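J.: this is a predicted model, with the sequence first.
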Protein chains: 2
Amino acid sequence: MQPALRDPNPPLTRSVEDYLKAIYHLSSQGGFAATSDIAAMLEVSPPSVSGMVKRLSETGLIEHVPYRGVQLTSQGRRAALRMIRRHRILELYLTQHLAYDWGGVHAEAERLEHAVSDELIERMASALGQPQYDPHGDPIPTAAGDIEEAELVALADARVGAKLELRQVGTQDAARLRYFAEQGLTPGVLLTVSDRQPFNGPTTIALVPSGDPRVVGRELAQLLLCQEIGS
Amino acid sequence: MQPALRDPNPPLTRSVEDYLKAIYHLSSQGGFAATSDIAAMLEVSPPSVSGMVKRLSETGLIEHVPYRGVQLTSQGRRAALRMIRRHRILELYLTQHLAYDWGGVHAEAERLEHAVSDELIERMASALGQPQYDPHGDPIPTAAGDIEEAELVALADARVGAKLELRQVGTQDAARLRYFAEQGLTPGVLLTVSDRQPFNGPTTIALVPSGDPRVVGRELAQLLLCQEIGS
DNA sequence: TCTCATAATTAGTGTAGACTAATTCCTGGC
DNA sequence: GCCAGGAATTAGTCTACACTAATTATGAGA
């Protein structure tokens, strides 16, 4: 018998899945993810990233332009979106059904997303009623791999007078997340922008429908990603 | 700065956790688990087991008597029971809350048990009301690491006339599990032994309280582990 | 256009854990 | 008491993935 050919379609390892997710997030804005940014996001050394990048481009999951950066291929993008779906459904399930708090689910989901089966994810999705957004307001990709690309503005950049729906909170920092929750600033809330101080000053908003005012400093206002409400 | 000493208490790896569980199961009857039995249970080669055994005994999780076998130390036993608690709570949670069927949970729990946090396990245990038995009727160790050691007889060995509670089903084979479920033979049911044919023949039982009869061949009767009911 | 700081890559190691092939130990049967 | 066959172990490889140290490419400013 021959010495067993390598499996042409091995399942992805944990590491590979993490790299793909990181690259997805980093290249969602600009076209390329830089080696050093990937290294920082995953807390590994840049040479480790170079090594993994080589392996991933050999297996066709990413496109590598030396000294420039990497991009996902459509195959890589599919795999990344699958992980993101898993992550977001897990976060939602844990908060809704097991009383996890908004700030504490991330680490748990981060480990589970590599271990759950597709079947379990779909059962959770059913139990949740096929949700479209996770607890942070981020859109959940469909099982087929489609994801809604929302046009979001940071609160810090929204025009005074605009009516907005808070859609995403752009941080995983537990302290900031808790603070936002205390202030009633969770995804889904409606608000209007009532004022902004000059020279990078704070933004004042009014919650809808209560009318309660909130003053949000620039740093935090940049984390609150909102969608403008038509009419 | 010094070249960073090795972490004296590294978290256990997936493999290590699997070996400890296997050794626990294999040594629960006789005192020692044999290399080849561990290899068969984990589907790895005997030399792989030898290698792992060396590492595990160096870290104090097992006791190795060369050419004899291995036993868990109290530290190893604690770690093994922790995994078994995780596994059994996961199986129960998946069947109760996510509509998994009795035969299909094992593989899912097998992967998840390595990824969940202690916190999640305890939340699931709470959601289940601090259960004592898993869907197969196996006792769930406590968080402190205690486990009930039941005195169980295989149905095949029970004396005619005995009144029994079915407590465990000693297989993970999905087809057999499904068959037992169809026959109403699930953990918790009560039954009396009405007859046994000689020469390793089948055992006839009556379900309690319905009185429905069942005839169980020897092979299957050995898998049905029962506890004798007093009085 | 040249230079230099920074980013990226290569070179070389280490560890966990699997494998096959070769060897050694134990024990049951004669 | 010896010996064969099976169980266990050692020897030697391989892969994935991390690391540090050394090297090279890139692009911004003088």
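T.: Good, I have the coordinates. Numbering: from 1, shown residues only, chains lettered A, B, ... in the order given.
J.: residue contacts, the residue of chain A found nearest chain B?
T.: Of all residues in chain A, residue A:115 sits closest to chain B, with a separation of 3.8 Å (Cβ to the nearest Cβ). C-beta: built from backbone N, CA, C; applies to glycine. When the contact criterion is Cβ atoms under 8 Å, 6 or more residues apart in numbering or on different chains, the partners of residue A:115 are B:111, B:112, B:114, B:115.
J.: out of those residues, which sit inside helices?
T.: Among the contacts of residue A:115, the members falling in helices are B:111, B:112 (criterion: DSSP state H).
J.: quick check, nearest of the contacts of residue A:115 to DNA strand C?
T.: When the contacts of residue A:115 are compared for distance to DNA strand C, the smallest value, 10.8 Å, is given by residue B:114; criterion: Cβ to the nearest atom of the strand.
J.: sorry, back to before: of the contacts of residue A:115 - the most surrounded one?
T.: residue B:112 (24 neighbours; other Cβ atoms under 10 Å in any protein chain shown).
J.: who touches that residue in this structure?
T.: By Cβ under 8 Å, 6+ apart, the residues touching residue B:112 are A:112, A:115, A:116, B:86, B:90.
J.: what about the last one, which SS state?
T.: Following DSSP: H, G, I helix; E, B strand; the rest coil, residue B:90 is assigned to helix.
J.: find the residue closest to it in space, skipping its chain neighbours.
T.: residue B:109 (4.0 Å; Cβ to Cβ, 6 or more residues apart in numbering or on different chains).
J.: among the contacts of residue B:112, which two are most distant?
T.: When these are compared pair by pair using Cβ to Cβ, the two farthest from each other are A:116 and B:86, 14.4 Å apart.
J.: between the two, which has more neighbouring residues?
T.: When neighbours are counted by other Cβ under 10 Å, residue B:86 comes out ahead of the other of residue A:116 and residue B:86, with 25 against 20.
J.: list the contacts for the more buried one?
T.: For residue B:86, the residues meeting the contact criterion (Cβ under 8 Å, 6+ apart) are B:109, B:112, B:113, B:116, B:121.
J.: the third one touches residue B:89, doesn't it?
T.: If I follow you right, that is residue B:113. No. Residue B:113 lies out of contact with residue B:89 (Cβ atoms under 8 Å); the separation is 9.0 Å.
J.: now residue A:151: how far from residue B:67?
T.: When distance is defined by Cβ to Cβ, to the nearest Å, residue A:151 is 70 Å away from residue B:67.
J.: name the nearest residue to the spatially most central residue of chain A, sequence neighbours excluded.
T.: Most central residue of chain A, judged by C-alpha distance to the mean C-alpha position with Cα atoms, centre = their mean, is residue A:138 at 6.2 Å. Using Cβ to Cβ, 6+ apart and skipping the chain neighbours, the partner closest in space to residue A:138 is residue A:168 (5.4 Å).
J.: so what pairs up with the one you found in the strands?
T.: Following DSSP bridges, residue A:168 is listed with bridge partners residue A:225.
J.: any idea how far residue A:108 is from it?
T.: Using Cβ to Cβ, we find residue A:168 at a distance of 20 Å from residue A:108.
J.: equivalent analysis for residue A:130, please.
T.: Here the criterion is Cβ to Cβ. By it, residue A:130 lies 22 Å from residue A:108.
J.: looking at these two, which is more packed in?
T.: residue A:108 (20 against 12).
J.: on that earlier part again, ok, the strand or helix carrying the residue nearest to residue B:90 near DNA strand C or not?
T.: According to DSSP states H and E, residue B:109 maps onto helix B:105-112. No. Helix B:105-112 is not in contact with DNA strand C by Cβ under 7 Å from any atom of the strand; minimum separation 13.6 Å.
J.: got the angle for that helix vs helix A:105-112?
T.: Using axes from the mean of the first three to the mean of the last three Cα atoms, to 10 degrees, one finds that helix B:105-112 and helix A:105-112 are set 110 degrees apart in direction.
J.: who are the packing partners of the very next helix or strand once past helix B:105-112?
T.: Using DSSP H and E, the helix or strand that directly follows helix B:105-112 along the chain is helix B:118-127. Using 3 or more Cβ pairs under 8 Å, 6 or more residues apart in numbering or on different chains; DSSP states H and E as the contact definition, the elements that helix B:118-127 packs against are helix B:74-97.
J.: keeping just the C-alphas, turn the helix it packs on into PDB.
T.: Listed in PDB are the C-alpha atoms of helix B:74-97, where the atom choice follows Å, rounded to 0.1, in the frame of the first residue of the first chain:
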ATOM      1  CA  SER B  74      -5.500  11.700  42.900                       C
ATOM      2  CA  GLN B  75      -4.600  14.800  40.800                       C
ATOM      3  CA  GLY B  76      -5.200  12.900  37.600                       C
ATOM      4  CA  ARG B  77      -8.500  11.500  38.900                       C
ATOM      5  CA  ARG B  78      -9.600  14.900  39.800                       C
ATOM      6  CA  ALA B  79      -8.900  16.100  36.300                       C
ATOM      7  CA  ALA B  80     -10.600  13.100  34.800                       C
ATOM      8  CA  LEU B  81     -13.700  13.600  36.900                       C
ATOM      9  CA  ARG B  82     -13.900  17.200  35.900                       C
ATOM     10  CA  MET B  83     -14.000  16.200  32.200                       C
ATOM     11  CA  ILE B  84     -16.600  13.500  32.900                       C
ATOM     12  CA  ARG B  85     -18.800  16.100  34.700                       C
ATOM     13  CA  ARG B  86     -18.400  18.400  31.700                       C
ATOM     14  CA  HIS B  87     -19.200  15.700  29.300                       C
ATOM     15  CA  ARG B  88     -22.300  14.500  31.100                       C
ATOM     16  CA  ILE B  89     -23.700  17.900  31.800                       C
ATOM     17  CA  LEU B  90     -23.200  18.800  28.100                       C
ATOM     18  CA  GLU B  91     -25.000  15.700  27.000                       C
ATOM     19  CA  LEU B  92     -27.900  16.400  29.300                       C
ATOM     20  CA  TYR B  93     -28.100  20.100  28.300                       C
ATOM     21  CA  LEU B  94     -28.100  19.300  24.600                       C
ATOM     22  CA  THR B  95     -30.800  16.700  24.900                       C
ATOM     23  CA  GLN B  96     -33.000  18.800  27.300                       C
ATOM     24  CA  HIS B  97     -32.600  22.200  25.800                       C
END
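J.: got the confidence number for residue A:199?
T.: We note a pLDDT of 86 for residue A:199 in this prediction.
J.: ok so it is a helix residue?
T.: No. With the criterion set as three-state DSSP, the secondary structure at residue A:199 is coil rather than a helix.
J.: how far away is it from residue A:27?
T.: 33 Å.
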